[in-house]
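**Q** Starting from these lines, generate the structure:
(one chain, ligands or ions: 1)
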Amino acid sequence: MTNKIKVILIHKLLSSKIQFLKGVGPANAVKLSKLGILTIGQLLEHYPRRYEDRSKLKSITELTDGQYESFRAVVIHVNELKSRRGFKIIKIAVQDQAGVAQLTWFNQSYMKNKYKPGMELIISGKIQRHANIIEVTKPDIEPASEFYAGSGRIIPVYPTTEDVPQWRLRSLILQAINLLKNSVTPEEIESLPTSIIDKHNLLTRKQALVNIHFAVDMETLVKARRRLVFEELFLLQCGLAYLKQRNKYNSKGIKHAPDGVLVAKVENHLSFKLTNDQNKTLREIKADMEDVTPMQRLVQGDVGSGKTVIAAIALAKTVENGYQGAMMAPTEILAEQHYHTLAQLLAPHSIKLAILTGKLSRRTRDEVLRHFKDGAIDVVVGTHALIQDDVEFAHLGLVVTDEQHRFGVRQRARLESKGNQPDVLIMTATPIPRTMALTVYGDLDVSIIRELPPGRQPVATYSRSNTRRNKVYLFAAEQIKAGRQVYVVCPLVEESDKIEAQSAVKIYEELSATFFKNIPCALLHGKMKPQEKEAIMTAFSCGDIKALIATTVIEVGVNVPNATVMIIEGADRFGLAQLHQLRGRVGRGKYKSYCILLSDNTNEETLERLKIMTEVNDGFVLADRDLLLRGPGQFFGTNQHGLPDLKIANIVTDTDILLEARSAAQHTVCTPEYLDTVWQTLQNWFGEKFSMIFCR
Ligand SMILES: Nc1ncnc2c1ncn2[C@@H]1O[C@H](COP(=O)(O)OP(=O)(O)OP(=O)(O)O)[C@@H](O)[C@H]1O
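**A** Reported below is the predicted structural model:
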């Protein structure tokens, strides 16, 4: 079976160039390549975006106002008019036996040459009836000769460009489907083991491909989609399971010894008791480190749940075993902060720490690098500066990366490659929805710290319009008088640090002249020099500055337990995950804390998002809600962080199939040949992203 499978996915027909089809010359091939279609296989995997039911063609007099309908008619007259404002309007009159309708386009003069009197067309679009005139604006048109004469008329609508009209794409796919039907057996293009197909009651790949494009009826279409979604998720999960196994069996990592004196000293010196979740996570980490398989563990902890102390103990463990540890943070501010926290926890026990960021002088940097190399430094904290080529370690035992999705997988891999299969701990404070975590990080072991340290009260969150802005700032000033500190976050301006900084400056000037007059305030934004930023953060941390007016530079990780008020201006511009991160900057100590979301936006979805914030304090619940509200592409704000663009599956709505496919993949014993095929298919599907996801 496996040998056969290996042949299929490189079946001759599927790998044939698209020019093999009738009607595809060099020019059309270029246009199709812009859609990512170079081969017949890729054409067949260009799945419809949606479908239209055109099973019943109506006559013109039967068309209903406001409905999306289809009808067959002949062109009788083509006319170009000019509107008073200079628009070109193309009007084409069409006729069937019952009546006349008018098709209209604006500023698309080429339409007048495309359709000539006498041509028979299948026209689909939204019907507008004004008095006795029936009009369709920007209709979807197929020449009647291209009209697919299948038994059903569920018409696929494809993602496409202006260059490749729907009807052409549809007729090419039909041609490819006919070739597939006539010249390929189901076994020749099957990608799933027969046992899986039978057990999960799936269509064959051949049946699914035919029906996803031209289904005989709705029921078959649903089955076709289920099969292809299952296939995609199953193969992805097989790939992830394979990676995990490979890590387990093929690699020899560092086997740390059970805890000794140093780890005990660090643990016993903590000024607090670890929470149950922290203890559980720590046990999991220690077990991984004591195993010869290199650790690949993701720690997901809600904001303020106390991840840094866990990292500190793990670092102490590697040092105790004679190795070095490295911790990489996404920003200089965070690297500084982690350095100070780790120094407090580790330096009293003779662990030598250093920091490496972009701003060290050449001399200091050279010296620090020398001590990494000769092993005199035990633990280093840094930014991207850590992955530069000239950074070398004597014996790196543990790599911790904070805020996982800010780094590409490749960057992380570069740090890991500075040791000989070191243990790897990834920490993130953005809870990842479960379904997404299974797809993106399915090969990592996951620990979750959901519980917050005792005594923390939920942050009271309010959503307010700007009419109440004065009251909000008066409240903040009162809190400052009571000894607390305040953050004000300025509206997010995507793509422009400069405008964002300008808006922060404006708000800073306004507040320091009004509500915060005579209160020590400071401004913090991404355009400032690292030294300036650091000096301000230090002054805020030690309480010299009472109000910090900032852009999102403070979003992750900043820890000032005395701060109790977070005011977010233009809160509607932020996603839930980001608002939660910002809110997490307060409520980190023993004082009651508040988060106030200012916004005048009345958009329904925005109001819903802000309302969820006022009701939910748990980051994991928020993450799931955010995913539902905005979809997977939006979740991280950007698409570049390892989330594969799935071809057909939707991880929000296909959760059931995902869980079924995952369980099937975990229970399938894959032969090496089958895994080869899986590997090859995944590479074909995900291209560039493949190495991002799988080359760990
Ligand atoms: N078990 C505990 N009991 C009491 N305080 C704790 C406990 N664990 C951590 N803390 C304190 O809680 C604060 C937050 O910890 P830390 O900065 O490690 O959180 P975090 O999970 O990294 O948060 P974020 O993701 O928001 O940066 C720190 O002041 C830390 O000293």
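**Q** Alpha carbons of the host helix or strand of R625, in PDB - could you do that?
**A** Using DSSP states H and E, R625 sits within helix 619-630. What follows is helix 619-630 as a C-alpha-only set of coordinates in PDB (Å, rounded to 0.1, in the frame of the first residue of the first chain):
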ATOM      1  CA  GLY A 619      -6.900  35.000  29.100                       C
ATOM      2  CA  PHE A 620      -7.700  31.500  27.900                       C
ATOM      3  CA  VAL A 621     -11.400  32.200  27.600                       C
ATOM      4  CA  LEU A 622     -10.600  35.500  25.900                       C
ATOM      5  CA  ALA A 623      -8.400  33.800  23.400                       C
ATOM      6  CA  ASP A 624     -11.200  31.400  22.300                       C
ATOM      7  CA  ARG A 625     -13.600  34.300  22.100                       C
ATOM      8  CA  ASP A 626     -11.200  36.400  20.000                       C
ATOM      9  CA  LEU A 627     -10.700  33.500  17.600                       C
ATOM     10  CA  LEU A 628     -14.400  33.200  17.100                       C
ATOM     11  CA  LEU A 629     -14.800  36.900  16.700                       C
ATOM     12  CA  ARG A 630     -12.000  37.600  14.300                       C
END
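**Q** Check the offset of it from the chain's centre.
**A** 12 Å (Cα atoms, centre = their mean, to the nearest Å).
**Q** That one near the ligand anywhere?
**A** No: Helix 619-630 stays clear of the ligand (Cβ under 6 Å from any ligand atom), getting no nearer than 9.3 Å. Using the backbone N, CA and C atoms, a C-beta is placed for each residue, glycine as well.
**Q** in that helix, what counts as buried?
**A** Applying a neighbour-count criterion of 16 or more other Cβ atoms under 10 Å, one finds G619, F620, L622, A623, D624, R625, D626, L627, L629, R630 buried in helix 619-630.
**Q** In a markdown table, list those along with pLDDT.
**A** Output for these, formatted as a markdown table (pLDDT from 0 to 100):
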| residue | pLDDT |
| --- | --- |
| G619 | 85 |
| F620 | 82 |
| L622 | 84 |
| A623 | 79 |
| D624 | 77 |
| R625 | 80 |
| D626 | 74 |
| L627 | 72 |
| L629 | 71 |
| R630 | 65 |
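**Q** about what we covered before: residues in contact with the helix holding R625?
**A** Identification of contacts with helix 619-630 by Cβ atoms under 8 Å, 6 or more residues apart in numbering yields 302-303, 429-436, 448, 450, 575-577, 580, 584, 605, 608-609, 612-613, 616, 635, 652.
**Q** Please pick the buried ones from those residues.
**A** Buried subset of the contacts of helix 619-630 (neighbour count, 16+ other Cβ under 10 Å): 302-303, 429-436, 448, 575-577, 580, 584, 609, 612-613, 616, 635, 652.
**Q** In strands, which of these fall?
**A** The strands, defined by DSSP state E, take in I448 from the buried ones among the contacts of helix 619-630.
**Q** Intersect the buried ones among the contacts of helix 619-630 with the contacts of the ligand.
**A** Checking those against the ligand (Cβ under 6 Å from any ligand atom), the matches are V303, A429, G584.
**Q** Surely the first one and P431 touch.
**A** No: with contact taken as Cβ atoms under 8 Å, V303 and P431 are classed as non-touching, separated by 9.0 Å.
**Q** What helix or strand is G125 located in?
**A** Short version, using DSSP H and E: G125 is in strand 120-130.
**Q** Could I get the average pLDDT for that strand?
**A** Per-residue pLDDT values over strand 120-130 give a mean of 88.
**Q** What is it packed up against?
**A** strand 68-82, strand 133-137, strand 140-143 (3 or more Cβ pairs under 8 Å, 6 or more residues apart in numbering; DSSP states H and E).
**Q** count of neighbours near N518?
**A** N518 has 7 neighbours, counted by other Cβ atoms under 10 Å.
**Q** Can you name the residues of the stretch 401-550 of the chain that neighbour the ligand?
**A** A429, P453.
**Q** hey, where'd the helices end up in the stretch 451-600 of the chain?
**A** 469-481, 497-513, 530-541, 576-583 (DSSP state H, counting those that start in this stretch).
**Q** right, and those - which one's nearest G99?
**A** helix 576-583 (51.8 Å; Cβ to Cβ).
**Q** Can I get that closest one in PDB, CA atoms only?
**A** The C-alpha trace of helix 576-583 is given here as PDB (Å, rounded to 0.1, in the frame of the first residue of the first chain):
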ATOM      1  CA  LEU A 576      -8.700  41.200  22.600                       C
ATOM      2  CA  ALA A 577      -5.400  39.500  23.100                       C
ATOM      3  CA  GLN A 578      -3.600  42.800  23.000                       C
ATOM      4  CA  LEU A 579      -6.100  44.500  25.400                       C
ATOM      5  CA  HIS A 580      -5.600  41.600  27.800                       C
ATOM      6  CA  GLN A 581      -1.900  42.000  27.700                       C
ATOM      7  CA  LEU A 582      -2.100  45.700  28.400                       C
ATOM      8  CA  ARG A 583      -4.600  45.100  31.200                       C
END
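**Q** burial count for the residue of the stretch 451-600 of the chain found nearest the ligand?
**A** Using Cβ to the nearest ligand atom, the closest approach of the stretch 451-600 of the chain to the ligand is made by P453 at 3.2 Å. Using other Cβ under 10 Å, the number of residues around P453 comes to 16.
**Q** and if you look at the one 4 residues further on?
**A** Counted by other Cβ under 10 Å, the residues lying close to Q457 total 12.
**Q** Now do stretch 186-203, average pLDDT.
**A** On average, stretch 186-203 scores 90.
**Q** what's the span of that stretch, first residue to last?
**A** 10 Å (Cα to Cα, to the nearest Å).
**Q** Report the buried residues of that stretch.
**A** Result for stretch 186-203 [16+ other Cβ under 10 Å]: buried residues E188, I189, E190, S191, L192, P193, I196, I197, H200, L202, L203.
**Q** now those as a markdown table including secondary structure?
**A** Shown next, in a markdown table, are those (DSSP: H, G, I helix; E, B strand; the rest coil):
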| residue | secondary structure |
| --- | --- |
| E188 | helix |
| I189 | helix |
| E190 | coil |
| S191 | coil |
| L192 | coil |
| P193 | coil |
| I196 | helix |
| I197 | helix |
| H200 | coil |
| L202 | coil |
| L203 | coil |
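**Q** that older thread, now that the residue of the stretch 451-600 of the chain closest to the ligand has come up, it's in contact with F272, right?
**A** Yes: contact status for P453 versus F272: in contact at 6.6 Å, counting by Cβ under 8 Å.
**Q** Can you tell me which of the helices of the stretch 451-600 of the chain is packed in deepest?
**A** Neighbour counts averaged per stretch over those are highest for helix 576-583, at a mean of 24; criterion: mean count of other Cβ atoms under 10 Å.
**Q** Contacts for it, please.
**A** 303, 429-431, 459, 461, 487, 489, 492, 552, 554-556, 566, 568, 571, 574, 595, 597, 609, 612-613, 619, 622-623, 625-626, 629-630, 635-637.
**Q** what's the spacing between L597 and S271?
**A** 33 Å (Cβ to Cβ, to the nearest Å).
**Q** out of these two, which sits in the busier spot?
**A** The neighbour count for L597 versus S271, taken as other Cβ under 10 Å, is higher for L597 (26 against 6).
**Q** and the more buried one, what is it in contact with?
**A** By Cβ under 8 Å, 6+ apart, the residues touching L597 are T461, Y462, S463, R464, I568, A571, L579, L610, M613, T614.
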